[in-house]
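Visitor: When you get a sec, could you give me coordinates for this:
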Amino acid sequence: MEPVFGVAYERPITRLREFLTALRSLLVTGEADVRGETLTASPPMPTAVPGADPPPPVFVAAMGPRALRVTGELAHGTLPFLAGPRTLGEHIVPEITTVAERAGRPAPRVVAFVSGVVTDDVDAARAAAARQSAFYDTVPSYRRVIELEGAAKAADLVEIGDEKVIAAAVRRYFDAGATEVVFGATELAGEAARLRTWNLLGELA
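Guide: Predicted coordinates:
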């Protein structure tokens, strides 16, 4: 937030609530009049598209308890990344679902983003995963979900193996309450491995 966008990273949950409140109003009516503690959204005229029918769904990359509560109240679902099946089933899905029910809203969608690939060269893919995921080990929100899963580092949550291994991993995410599973395998292995991954996911779908 601060180095990239120049926005102070202060009171993030309040900002999230106010942002979603304004966004929902804009998407439904084309107008907004939100004068909050962290932002103001009061355009002088309706947007070019005065509300969509139906409004597009809004998702938040929420994984912490407070962010999940706001998301359950005001958004359509969450997009967790590096939150493994245990974290989904024990923390994320129960929290966001309970809040949505209390708010009288439909069951939220939980779109699990999973990094992984179908390959026979597991060692090479593991080495690539370690290089590519090291950044997430330094981010507090990701460190939290990595630890909740019982993993030591982000690379431990990358799913790598043959078709049977990856199919079982996908099932674990659905069993934990994910409504959708999105697999990213762009740079873990070569083109042939990516095609195997996509073919498997197509068959599972």
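
Visitor: In this protein, which helix is the longest?
Guide: helix 12-29 (DSSP state H).

Visitor: So which elements touch it?
Guide: Under the contact criterion of 3 or more CB pairs under 8 Å, 6 or more residues apart in numbering; DSSP states H and E, the helices and strands touching helix 12-29 comprise strand 34-35, strand 40-41, helix 65-74. All C-beta spots, glycine's among them, are computed from the backbone N, C-alpha and C.

Visitor: mind redoing it with 10 Å?
Guide: Applying 3 or more CB pairs under 10 Å, 6 or more residues apart in numbering; DSSP states H and E, we find helix 12-29 packed against strand 34-35, strand 40-41, strand 59-60, helix 65-74.

Visitor: Identify the residues contacting residue 145.
Guide: 63-64, 80-84, 86-88, 91-92, 136, 151, 154, 157 (CB atoms under 10 Å, 6 or more residues apart in numbering).

Visitor: Sort out for me which of these are in strands.
Guide: In strands, judged by DSSP state E, none of those are found.

Visitor: now, which of those residues sits nearest residue 39?
Guide: Closest approach to residue 39 among the contacts of residue 145 (CB to CB): residue 64, at 20.1 Å.

Visitor: which secondary element of the chain has the worst mean pLDDT?
Guide: helix 2-5 (a mean of 85; mean pLDDT, DSSP states H and E).

Visitor: So how do I select the buried members of the contacts of residue 145 in PyMOL?
Guide: Applying 16 or more other CB atoms under 10 Å to these leaves a buried subset, and the PyMOL line that selects it is:
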select buried, resi 63+64+80+81+82+83+84+87+88+91+92+136+151+154+157
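
Visitor: What pLDDT does the model give residue 45?
Guide: With respect to pLDDT, residue 45 scores 71.
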